[in-house]
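*Asks:* need a 3D model of the following:
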Amino acid sequence: MELSLNCLTKFFGRKAAVDCVSARLGPGVYGLLGANGAGKTTLLRMLCAILEPTCGEACFNGREVASMGEAYRDALGYLPQDFGVYPNYTAAEFLSYIAVLKGIPRERAGRRVQELLELMDLTPAAGKKLGTFSGGMRQRVGVAQALLNDPQILVLDEPTSGMDPKERVRLRNLLSEYAGDKIVILSTHIVSDVEAIADRVFVMNAGKFIMQGTVPELARAVEGKVWELTVPRGRARQWQERVMVANYRREGEQVVLRIVSDERPSDEAAPCESILDDAYLYYFGGAEARR
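*Replies:* As a prediction, this is how the structure comes out:
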């Protein structure tokens, strides 16, 4: 099983929202990481055959997805960034309705709805109207509808929006298990969402993949650029105005700053091991200067 992106490009007027993006994806979890406006949602909409590319193509098992029609939709599960629900439907009614739209036979749909309500920890709320749900609960319903047809390709755009830490961990574990023989694409600007489970990460900026690799590989890209510096609390703000501070930790009257910088910021600064958060801040904390 393979999903391939072959120089996918999308222009809106003269602006390239996605600029000649290529990749090969087999079973596993893929993180699509980037700031808002980087082109992530436009790319996903082309992968889901919702948006037609200006040029290039997406192919599933060698066939262009735009030409596959229902066969591709049957293989696809999608949670859009702006997921809407019918507020007067209960969770169970809404999932049953989506199952009908996806052409799932009634008997199978009933079982699948119950399975997913349990899987997403929504069984106690199955009979409650969606208009009463919190943002995190609605997102879980959104993930459940994307899973209804047991898709071979699962595309989730900002799925943890509104979720509390416990819900996010539960979802990450679910996706990691699901991706054993499926393709899971997780788009987000939350580094920890991909850091924990992604087999490979694509970092997107200005419509292009500016970096790609495993989490350790991307972290090593800023090796030698991460420092720890302890300063008096009164001087912390001055440092924050001068350099990119990845973390700020108070220790009594002192403050420990984690700094991402090409140069050693001070003779007292000690080098430390880089992580994906540091790489993200390096490329997006000063993204305009690094394009």
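
*Asks:* C-alpha only now, for contacts and for neighbours.
*Replies:* Noted.

*Asks:* quick one: what helix or strand has the residue nearest to Thr123 when sequence neighbours are not counted in it?
*Replies:* Of all residues not flanking Thr123 in the chain, Leu117 sits nearest, at 5.0 Å (CA to CA, 6 or more residues apart in numbering). Using DSSP states H and E, Leu117 maps to helix 106-119.

*Asks:* so which bits of that helix are buried?
*Replies:* 109, 112-114, 116-117 (16 or more other CA atoms under 10 Å).

*Asks:* closest to Gly127 out of those?
*Replies:* Leu117 (10.7 Å; CA to CA).

*Asks:* report pLDDT for the closest one.
*Replies:* For Leu117, the model assigns a pLDDT of 97.

*Asks:* so how far is Ala246 from it?
*Replies:* 38 Å (CA to CA, to the nearest Å).

*Asks:* the residue nearest to Thr123 is in contact with Gly142, isn't it?
*Replies:* No. Using CA atoms under 8 Å as the test, Leu117 is too far from Gly142 to be in contact (11.1 Å).

*Asks:* tell me the bridge partners for Met244.
*Replies:* Here Met244 sits in beta bridges with Val260, going by DSSP bridges.

*Asks:* surely it and Ser261 touch.
*Replies:* Yes. With contact defined as CA under 8 Å, Met244 reaches Ser261; the gap is 6.8 Å.

*Asks:* which residues are in contact with both of the two?
*Replies:* Tyr282 (CA atoms under 8 Å, 6 or more residues apart in numbering).

*Asks:* in terms of helices and strands, where is Val201?
*Replies:* Per DSSP H and E: strand 200-205 holds Val201.

*Asks:* contacts only, for the residue nearest to Thr123.
*Replies:* 92, 123, 126, 144.

*Asks:* nearest to Gly180, of the residues you listed?
*Replies:* Nearest member of the contacts of Leu117 to Gly180, counting by CA to CA, is Ala144, at 18.0 Å.

*Asks:* thinking again about what came up before, for Met137, see how far away the residue nearest to Thr123 is.
*Replies:* Distance from Leu117 to Met137, by CA to CA: 11 Å.

*Asks:* mean confidence score for stretch 162-170?
*Replies:* 91.

*Asks:* export that stretch to CSV, keeping only CA atoms.
*Replies:* The C-alpha trace of stretch 162-170 is given here as CSV (Å, rounded to 0.1, in the frame of the first residue of the first chain):
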residue,chain,number,x,y,z
GLY,A,162,-10.0,21.5,22.2
MET,A,163,-8.9,18.2,23.7
ASP,A,164,-7.5,18.0,27.3
PRO,A,165,-4.1,16.3,27.9
LYS,A,166,-5.8,12.9,28.8
GLU,A,167,-7.9,12.9,25.6
ARG,A,168,-4.8,13.8,23.5
VAL,A,169,-2.8,10.9,25.0
ARG,A,170,-5.7,8.5,24.4
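
*Asks:* and that stretch, how far from the chain's centre?
*Replies:* Here the centre of mass of C-alpha atoms in stretch 162-170, compared against the chain's by CA atoms, centre = their mean, to the nearest Å, lies 14 Å away.

*Asks:* buried stuff in whatever helix or strand Lys166 lives in?
*Replies:* For Lys166, the enclosing helix or strand under DSSP H and E is helix 165-178. Of all the residues in helix 165-178, those buried under the rule 16+ other CA under 10 Å are 167-169, 171-172, 175-176, 178.

*Asks:* check stretch 209-216 too.
*Replies:* Neighbour-count burial for stretch 209-216 [16+ other CA under 10 Å]: 209, 211-215.

*Asks:* and the two most separated of these?
*Replies:* Every pair of those checked by CA to CA; the farthest is Phe209 and Val215, at 14.9 Å.

*Asks:* need the strands for the chain, in chain order.
*Replies:* 3-12, 15-25, 28-33, 55-60, 63-64, 76-79, 153-157, 183-188, 200-205, 208-213, 226-232, 244-251, 254-260, 270-271 (DSSP state E).

*Asks:* poorly predicted segments of the chain, please.
*Replies:* 286-291 (pLDDT under 70).

*Asks:* please name the bridge partners of the residue nearest the centre of it.
*Replies:* By CA atoms, centre = their mean, the chain has its centre lying nearest to Ser187, at 2.2 Å. Counting by DSSP bridges, Ser187 is bridged to Leu32, Asp157.

*Asks:* okay, it and Gly142: tell me how far apart.
*Replies:* 15 Å.

*Asks:* domain ranges for the chain?
*Replies:* The chain breaks down into these domains under automatic domain parsing: 3-217, 224-273.

*Asks:* any idea how far apart the tips of the longest one sit?
*Replies:* Across domain 3-217, the straight-line distance between its terminal residues is 23 Å, by CA to CA.
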